[in-house]
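Engineer: Got a predicted structure plus its sequence, pasted below:
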Amino acid sequence: MSTYAWIGLGNMGGPMTANLVAAGHQVRGYDLDEGACAAAAEGGVQISGSIAGAMEHADAVFTMLPKGAHVHSVYEGEAGIWANATKDMLLLDSSTVDIETSRYIHAGSAQRGLHFVDAPVSGGISGAAAGTLAFMLGGEPELMDRASGFIAPMSGKTIVAGGPGMGIAAKICNNMMLFIDLMASAEGSQLAEALGLDPEVFWQIASVSSGRSWAQQTWYPVPGIIDTAAANNNFEATFRTDLARKDVGLALDAGESTGVRLPAATLAREHFDELIEQGLGDKDCSLIVKNLLPDGAVRGWSPEPANANQPAAG
């Protein structure tokens, strides 16, 4: 049995830690969100009131946080991970962050004689719950076997991407491809329906043809076709639009720094920006389908009236 410290118990961290507990490991978690802590506690996680408390006697310290700035904040300072880590611990970050943040944490850990692996994941909330996530590892070769052992109860596949920062590099490229594929599913689904094709029949055709993709199989933005689609639930988020926008932005930043043109990713960013400007950043990213029709009236989407939270006149 291993002892894990887990910083960040949100939509991904919560189910991931539950799988560790189910595998017989001890997990101590920390999160600023009381609701996330309560949900994780129901899964058997011991909630700590501080990062230092969560890290006490830990073998592995995982972070799963929304943005690079959050990773910086939990690593730095007297109450942070670096100040409370020992050389026996393995530090792993499974957040989706920018390349610069990952390199910074690698360098800062090495300067302190600590061991760090960037270990982002693919598979979403459903994969986190099922313990089938794909992990992409970046770090020194001698750390990979140890990291894979700590990851095993949460993963369906673990791949060593390369040296420091290569795990997050792979994740940024993969997520960029995902959101480009999502645009294809959104446009194809709406054009097929406008041409009079039965939505389920067209989905079946795409599923055995060259239009097939993970997004088409999992996030198809039409209600009543696949169980995992947010379109079945008024586009409540399985992957928030604002987080999708963040991930595409990371890819575009990387493209700018390397001189690689990314026109399709630029279009995906525009789709997400349009939803965010409408106040829909907390909705599922597959709601980009709304951008394709002149009146935005796509099946599965029922916006609240603009005055829903206002008292009636008179």
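Structural biologist: Now that the structure is in, tell me what you want to look at.
Engineer: Asp88 and Thr63: what is the separation?
Structural biologist: 18 Å (Cβ to Cβ, to the nearest Å). Quick note: C-beta positions are derived from backbone N, CA and C, even for glycine.
Engineer: Between those two, which is the more surrounded one?
Structural biologist: Thr63 (24 against 10; other Cβ atoms under 10 Å).
Engineer: Just to check, Ser185 is in contact with Trp214?
Structural biologist: No. With contact defined as Cβ atoms under 8 Å, Ser185 does not count as touching Trp214 (9.7 Å).
Engineer: So for those two, which residue has more residues nearby?
Structural biologist: A direct count of neighbours by other Cβ under 10 Å for Ser185 and Trp214 places Ser185 higher, at 27 against 16.
Engineer: Can you tell me the closest non-neighbouring residue to the more buried one?
Structural biologist: Of all residues not flanking Ser185 in the chain, Gln216 sits nearest, at 4.5 Å (Cβ to Cβ, 6 or more residues apart in numbering).
Engineer: next one: Arg112
Structural biologist: Trp82 (5.9 Å).
Engineer: before we move on, back to that, isn't there a helix covering the residue nearest to Ser185?
Structural biologist: Yes. Counting by DSSP: H, G, I helix; E, B strand; the rest coil, Gln216 is part of a helix.
Engineer: let's number from 49 now, not from 1
Structural biologist: Yes, from this point I'll number from 49; that puts the last item at Gln264.
Engineer: That one: what's it in contact with?
Structural biologist: Asp229, Ala232, Ser233, Gly236, Trp251, Ala254, Ser255 (Cβ atoms under 8 Å, 6 or more residues apart in numbering).
Engineer: Apply 10 Å and report the result again.
Structural biologist: Counting by Cβ atoms under 10 Å, 6 or more residues apart in numbering, Gln264 touches Asp229, Leu230, Ala232, Ser233, Ala234, Gly236, Ser237, Trp251, Ala254, Ser255, Ile273, Ile274.
Engineer: Also Val122?
Structural biologist: Applying Cβ under 10 Å, 6+ apart, the residues near Val122 are Ile55, Gly56, Tyr78, Ile99, Val109, Thr111, Leu113, Gly128, Ile129, Trp130, Asp141, Ser143.
Engineer: Could you do Gln265 as well?
Structural biologist: So Gln265 contacts Asp229, Ser233, Trp251, Ala254, Ser255, Ile274, Thr276, Ala277 (Cβ under 10 Å, 6+ apart).
Engineer: quick one: the last one from Trp251, how far?
Structural biologist: Between Ala277 and Trp251 the distance is 10 Å, computed by Cβ to Cβ.
Engineer: Find residues that contact each of the two.
Structural biologist: Ser233, Gln265, Tyr268, Val270.
Engineer: Quick check: buried residues in stretch 104-120?
Structural biologist: Within stretch 104-120, the residues that qualify as buried by neighbour count (16 or more other Cβ atoms under 10 Å) are 106-116, 118-120.
Engineer: How far off centre is stretch 144-164?
Structural biologist: 20 Å (Cα atoms, centre = their mean, to the nearest Å).
Engineer: I'd like the average pLDDT over that stretch.
Structural biologist: Averaged across stretch 144-164, the pLDDT comes to 97.
Engineer: same check, this time on stretch 207-226
Structural biologist: For stretch 207-226, the per-residue pLDDT averages 97.
Engineer: what do you get for stretch 106-123?
Structural biologist: 96.
Engineer: Sounds good, over and out.
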